[in-house]
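In: model this:
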Amino acid sequence: MTVRPKPLLSGCAVVALMLSGAMLSGPAFAQLAAPVAQPSASGDASARQAASGQVAVPSGTVASYQPDVIQNAVPAGDQSAARGGGDPAGPPPARRDKDEAPPPPSEFEDFASTVVGKPLRRFGADLLVPEARDFTAPPTTTVPADYRLNPGDQLLIGLTGSVQAADLRLTVDNEGRIFVPRVGAILVGGVRYGDLHATIERQVSRQYRSFTLDVTVARLHGVTVYVTGFARQPGAYTVGSLSTLVNAVLAAGGPAAGGSFRSIQLRRGGRLLSDFDLYDLLLKGDKSGDKVLQNGDVIYVAPAGEQVAVIGSVNHEAIFEVGPGETVQDAILYAGGVSTVADGTRLMVLDSLGTERQAWEQLSAADAATRKARRGDVIRVLSNAGIARPIQQQSVLVTISGEVARPGRYYFQPGTRLADVVAQAGGLTEQAFPYASVITRESVKRQQRQSFDNAIRDMEFLLTAQPITSANRAQLVQPQNLTLVRSIVDQLRQREPTGRLVFDLPVTAAALPADLIVENNDTIYVPPRPVTVGVFGAVPTQASFAYRGGATVRDYLTSAGGVQKLGDRGEIFVVRANGTVLSKGALRARALPGDLIFVPIDADRGEFWARLRDITGSLFGGVVAAASVSALVQ
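Out: The predicted model follows:
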């Protein structure tokens, strides 16, 4: 029997191809499968079926590339905080209650206040009141590049590219490390913030290529410092990692009553790092010595040095701490220098402790620059304000208007006469009526105001006491009478003196008083000649009547219809155009242009009005009192 080897060889070939197909990738195997799977023309159906079953290839799928993903290690409860970021400045320093009382004055503050007669505080004390003590680093503070990371600081890391991480929040442990998943531990404690990106990028690049790193500080843990010496509340304070020496000192309440504003020392590792002068910050805005704090720093507030008081015409009256060798002029500069109205030629110095002299010592400006400021000195800068100068030293501005050729404002030398002012204004016009000229002066107005106020106070007292001293008390204590008293006093207080100078010129005068010396801010008004005479008060027809030469006051009253029944014939008065008042015998007097004739009401209608007339008559003069009563009744 002849053996045919063909099927066996064919089977071996199939097995070999299947083994090689298992070692090849899907695409390579597919290239070899097609020719093997084709049936032979001479093979039988069973052979074709077997071969077809042996070379069947399962369908293969090509998987896409997926980068590594680092999951956020922050617990689920902290995810919102991680997304929202945090306060990079860290915890604020312990701050005292704003209801806390300000620090009490020191012994020298009390003593200096007694010497100068007014409260005087130490310069910088206003920083120590609770509502002003907010020198913490704000939440939006940018972390400086030279900040060195500390344990407890939190970093926010983002990665894109071959490795991805979003909002990866990591905290620096006590050994100064952070642990990045799939990368490992990275030492960042003590690393400058400006070098942090390069430090982390260098470690991540050991595991991955083609990535982008973003790293920021999410929150600073804060540092613990020790405030010692003459602080108001010495102790250990936890402050923000970006806080400075000033932040910590003010968190401790600032220097105590015996503490210095001029010497605040910062020590680190036993070495003096800075001796800060708060005056540099307060007076010059210089913070160069205000160092950023680190964990374990010690701040020492030195005892206060020699102190002096600066008062008077300076920009900031206070008690100042002076250093060795500093002069009186230096102390004045600490007070902001002299004010605008100060006497810059001299000042006064008092040795309040009586170590050398007990009287005020006068110094010139040159002496103040060389004289050493001594403990307990009271320095007074004199003022030029409120000092009346001789007329010959006053600058003169005069305003002249009305019937002059050139009205306006003119400057004159001290001692200028009124005639020179009129000449400068071009002289009087033909229509000028010098008899009725109105000249007002500020110094006269002030005198009138003082006298008027005194008279008002006396009248108020007498009117208020009237119900007690009167026989008819029951009637006078009525509420309406008391209300009327207050109304009268209030209306009189609202009246303002004019400061007018009254001259007894003849009605035919053709010029103003020539020899009158003008003062600063004098005003001169020359009116035109009036053509009317006014009649007012208790008359049927109140009006201004055309002036008639030779007519008397009685004639004008007749023109107005005579005196009414309520009028007081005995108190009729006339106000002349020059400001004078004619009362007794006014009816028979000849009327002048511009006269105002007034008929008051009868003030004898009731005891209250009689007493009011008597009181005002004794204080202001009978004529003015009658006019006031009439105006109030109407």
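In: Tell me the bridge partners for the residue nearest to residue 357 when sequence neighbours are not counted.
Out: Spatial nearest neighbour of residue 357, excluding adjacent residues (Cβ to Cβ, 6 or more residues apart in numbering): residue 351 at 5.3 Å. (Each C-beta comes from the backbone N, C-alpha and C, glycine too.) Judged by DSSP bridges, the bridge partners of residue 351 are residue 377.
In: How far does stretch 565-572 sit from its chain's centre?
Out: 61 Å (Cα atoms, centre = their mean, to the nearest Å).
In: Show me which residues of stretch 183-193 are buried.
Out: Neighbour counts over stretch 183-193 (16 or more other Cβ atoms under 10 Å) mark 183, 186, 188, 189, 191, 193 as buried.
In: Which of the three states applies to the fourth one?
Out: Looking back up the chat, that one is residue 189. coil (DSSP: H, G, I helix; E, B strand; the rest coil).
In: Tell me the spacing between it and residue 297.
Out: 17 Å (Cβ to Cβ, to the nearest Å).
In: that older thread, does the residue nearest to residue 357 touch residue 376 like I think?
Out: Yes: between residue 351 and residue 376 a contact is recorded at 6.8 Å, counting by Cβ atoms under 8 Å.
In: Quick one: end-to-end distance for stretch 238-254.
Out: 16 Å (Cα to Cα, to the nearest Å).
In: ah, wrong one, I meant stretch 507-515
Out: The straight-line separation of the ends of stretch 507-515 (Cα to Cα) is 19 Å.
In: hmm, back to that, name all residues that make contact with the residue nearest to residue 357.
Out: Counting by Cβ atoms under 8 Å, 6 or more residues apart in numbering, residue 351 makes contact with 357, 358, 361, 374, 376, 377.
In: Just give the number of residues close to the fifth one.
Out: Number of residues near residue 376 (other Cβ atoms under 10 Å) recorded here: 19.
In: for the last one, same thing?
Out: Burial measure for residue 377: 24 neighbouring residues, criterion other Cβ under 10 Å.
In: So it versus residue 330, what's the distance?
Out: Taking Cβ to Cβ, one finds residue 377 at 12 Å from residue 330.
In: for the third one, same thing?
Out: Between residue 361 and residue 330 the computed distance is 17 Å (Cβ to Cβ).
In: Can you name the residues that contact residue 257?
Out: Residue 257 neighbours (Cβ under 8 Å, 6+ apart): 103, 104, 105, 106, 107, 109.
In: thinking again about what came up before, would you format the buried residues of stretch 183-193 as CSV with pLDDT included?
Out: Listed next are the buried residues of stretch 183-193 as CSV, based on pLDDT from 0 to 100:
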residue, pLDDT
183, 89
186, 94
188, 93
189, 89
191, 92
193, 90
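In: What is the nearest of the residues you listed to residue 211?
Out: The nearest member of these to residue 211, counting by Cβ to Cβ, is residue 183 at 10.7 Å.
In: residue contacts, the closest one?
Out: Applying Cβ under 8 Å, 6+ apart, the residues contacting residue 183 are 70, 203, 204, 206, 207.
In: And those residues, which is closest to residue 119?
Out: residue 203 (63.1 Å).
In: Just the CA atoms of the helix or strand harbouring that closest one, as CSV, please.
Out: Element membership for residue 203 (DSSP states H and E) is helix 193-204. Extracted C-alpha coordinates of helix 193-204, given in CSV (Å, rounded to 0.1, in the frame of the first residue of the first chain):
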residue,chain,number,x,y,z
TYR,A,193,9.2,80.6,45.4
GLY,A,194,10.9,81.9,42.3
ASP,A,195,12.8,78.5,42.0
LEU,A,196,9.9,76.3,42.9
HIS,A,197,8.7,75.7,39.3
ALA,A,198,12.1,74.5,38.1
THR,A,199,12.6,72.3,41.2
ILE,A,200,9.3,70.4,40.6
GLU,A,201,9.7,70.3,36.8
ARG,A,202,13.2,68.7,37.2
GLN,A,203,11.8,65.8,39.3
VAL,A,204,8.7,65.2,37.1
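In: Give the buried residues for it.
Out: Using 16+ other Cβ under 10 Å as the test for burial, helix 193-204 gives 193, 196, 200, 203, 204.
In: Same check on stretch 154-170?
Out: Neighbour counts over stretch 154-170 (16+ other Cβ under 10 Å) mark 154, 155, 156, 157, 159, 163, 164, 165, 166, 168, 169, 170 as buried.
In: okay, those residues in CSV with secondary structure and distance to residue 347 next?
Out: Putting these into CSV (DSSP: H, G, I helix; E, B strand; the rest coil; distance: Cβ to Cβ, whole Å) gives the following:
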residue, secondary structure, distance to residue 347
154, strand, 58
155, strand, 60
156, strand, 60
157, strand, 65
159, strand, 70
163, strand, 75
164, strand, 74
165, strand, 70
166, strand, 69
168, strand, 67
169, strand, 63
170, strand, 64
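In: need the helices for the stretch 401-550 of the chain, in chain order.
Out: Taking DSSP state H, counting those that start in this stretch, the helices of the stretch 401-550 of the chain run over residues 418-424, 442-469, 473-476, 479-493.
In: Tell me the gap between the longest one and the middle of its chain.
Out: I take that to be helix 442-469. Counting by Cα atoms, centre = their mean, helix 442-469 comes out at 40 Å from the chain centroid.
In: Who are the packing partners of it?
Out: Counting by 3 or more Cβ pairs under 8 Å, 6 or more residues apart in numbering; DSSP states H and E, the packing neighbours recorded for helix 442-469 are helix 473-476, helix 479-493, helix 607-620.
In: switch the cut-off to 6 Å
Out: helix 479-493, helix 607-620 (3 or more Cβ pairs under 6 Å, 6 or more residues apart in numbering; DSSP states H and E).
In: got it, and the first one?
Out: Contact analysis of helix 418-424 by 3+ Cβ pairs under 6 Å, 6+ apart lists no helix or strand as a packing neighbour.
In: oh, and call the first residue 5 from now on, that's how I've got it
Out: Taking 5 as the first residue, the last one we looked at is helix 422-428.
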